[in-house]
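Q: return atomic coordinates for the entry below.
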Amino acid sequence: MGDVVALNLPPEPALLKSRLILIVMIAIALLAVGLSLFFREPTPTLTRNSSGATPASVRWFDQSIDIAGHSIDVRAVVLSAGGYRGRVVNQPDSGDRRMRLADAVNLSGAVVGVNGGYFDFTFQPAGLYLLKGTQISPAIAAPPYSAIVGFDSAGQLQICETHEGAAGLIDAIQAGPFVIDPGGNVGVTSKANQRAKRSIIAITPAGDVLVLNTSDASLFEAALILKQASKLWQVAAIDRAVNLDGGPSAALQVEGAPSAFNRIETGPVRNYLIFLPK
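A: Alright, predicted model coming up:
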């Protein structure tokens with residue numbers, strides 16, 4: 001008998017197809033892993049932390065938080081739901097004789113104060129502005145004015161979407177954007193990457209109020225920090241958070257906190273949000 005010759009036949013078409021599908025599936029899985037690593041949100045890391053409470057039971061936190069190598073100084077204040085009466089303080093003077101946040105807090109007997117909303121080049125309020133039920137300026141239906149921040153007849157903070165209007169509010173300003181959207185999801189994307197000093201006001205589902213002041217931070221970085229609220233400030237997850245005026249207007253004053261905790265504005269501020277003891 002002659003030698004048996006092994007024939008090197010090409011694979012069956014079905015076998016080729018299955019191999020090709022397997023290769024494609026492996027490639028897609030590897031790509032997905034790579035993309036998830038590339039686009040993974042950086043995790044805020046607490047690198048410095050001191051905290052305390054004022055005689056009025058306002059909790060304060062003085063912290064440094066690192067996000068992807070960028071250090072952000074954060075000053076946070078927590079007011080318990082129902083434990084305060086809030087209102088808006090008008091500040092119409094843009095000159096050297098203007099009332100500072102510290103003055104507004106001290107003169108009113110407030111325990112916490114933060115700068116408020118935006119203003120235009122003539123120093124007129126930009127967006128909705130209500131004082132004691134009287135409308136000073138109308139709402140703006142355009143970015144970044146996505147939120148209305150105000151106080152109801154009981155002095156409790158309400159944060160509404162602009163399209164909801166200001167029904168039931170006595171004092172209110174318009175601000176934005178939402179850093180945390182109503183319901184608790186992040187309200188900005190990583191493209192919101194311009195850094196500046198920030199003032200942010202937030203509320204939990206239970207009505208606890210969080211006031212935040214930061215050194216240079218992007219809105220996206222601020223959102224990542226706010227998503228860590230329960231870990232950083234021992235409050236429930238934030239339901240919604242709004243960006244107030246920032247940059248040189250950013251300011252925070254807390255009576256009873258260490259003097260180094262407070263942040264003084266370096267530019268004009270058109271109005272203030274203050275919180276008085278109940």
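
Q: which ones are touching the most centrally placed residue in the chain?
A: For the chain, the residue nearest the mean C-alpha position is residue 179 (4.2 Å; C-alpha atoms, centre = their mean). Residue 179 is in contact with 186, 187, 188, 200, 202, 219, 222, 223, 226, 241, 242, 243, counting by C-beta atoms under 8 Å, 6 or more residues apart in numbering. No exception for glycine: its C-beta is placed from N, CA and C like everyone else's.

Q: so what pairs up with the first one in the strands?
A: Meaning residue 186. residue 180 (DSSP bridges).

Q: where's it relative to residue 222, distance?
A: From residue 186 over to residue 222 the distance is 10 Å, taken as C-beta to C-beta, to the nearest Å.

Q: neighbour count winner among those two?
A: Taking neighbours as other C-beta atoms under 10 Å, residue 186 and residue 222 compare with residue 222 leading, 28 against 20.

Q: quick one, phi/psi of the more buried one?
A: phi -60, psi -40 (degrees, to the nearest 10).

Q: who's in contact with it?
A: For residue 222, the contacting residues are 179, 198, 200, 212, 214, 241, 243, by C-beta under 8 Å, 6+ apart.

Q: distance to residue 118, secondary structure and pLDDT added to those residues, as TSV?
A: Putting those into TSV (distance: C-beta to C-beta, whole Å; DSSP: H, G, I helix; E, B strand; the rest coil; pLDDT from 0 to 100) gives the following:
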residue	distance to residue 118	secondary structure	pLDDT
179	15	strand	98
198	14	strand	98
200	14	strand	98
212	18	strand	98
214	18	strand	98
241	17	strand	98
243	10	strand	98
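
Q: would you turn those residues into TSV with distance to residue 116?
A: Compiled in TSV, those are given as follows (distance: C-beta to C-beta, whole Å):
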residue	distance to residue 116
179	16
198	14
200	12
212	14
214	17
241	15
243	12
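
Q: re earlier: any of the contacts of residue 179 buried? List them.
A: By neighbour count, with 16 or more other C-beta atoms under 10 Å, these hold 186, 187, 188, 200, 202, 219, 222, 223, 226, 241, 242, 243 as buried.

Q: that's a helix at residue 260, yeah?
A: Yes. Read with DSSP: H, G, I helix; E, B strand; the rest coil, residue 260 is one of the residues of a helix.

Q: please tell me how far it sits from residue 172.
A: 32 Å.

Q: tell me which of the two has more neighbours.
A: Neighbours were counted for residue 260 and for residue 172 using other C-beta under 10 Å; residue 172 has more, 27 against 7.

Q: specify the beta-bridge partners of that one.
A: According to DSSP bridges, beta-bridge pairing links residue 172 with residue 130, residue 150.

Q: quick one: the helices in this structure?
A: With helices called from DSSP state H, the chain shows them at 13-39, 101-108, 219-226, 229-233.

Q: can you give me the buried ones in the last one?
A: When you say that, I think you mean helix 229-233. In helix 229-233, counting by 16+ other C-beta under 10 Å, buried: 229, 232, 233.

Q: the last one reaches residue 75, doesn't it?
A: Think residue 233. No. When contacts are counted by C-beta atoms under 8 Å, residue 233 is not listed as touching residue 75 (11.0 Å).

Q: common neighbours of those two, please.
A: Shared contacts of residue 233 and residue 75, defined by C-beta under 8 Å, 6+ apart, are found at residue 61.

Q: returning to what we had before: need the buried residues of helix 229-233 in JSON lines (columns: pLDDT and distance to residue 149).
A: Below are those laid out as JSON lines (pLDDT from 0 to 100; distance: C-beta to C-beta, whole Å):
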{"residue": "229", "pLDDT": "97", "distance to residue 149": "18"}
{"residue": "232", "pLDDT": "97", "distance to residue 149": "22"}
{"residue": "233", "pLDDT": "97", "distance to residue 149": "19"}
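
Q: how many residues are close by residue 252?
A: Considering only other C-beta under 10 Å, residue 252 is surrounded by 25 other residues.

Q: just checking, it touches residue 215?
A: No. Applying C-beta under 8 Å as the test, residue 252 and residue 215 come out as separate, 11.8 Å apart.
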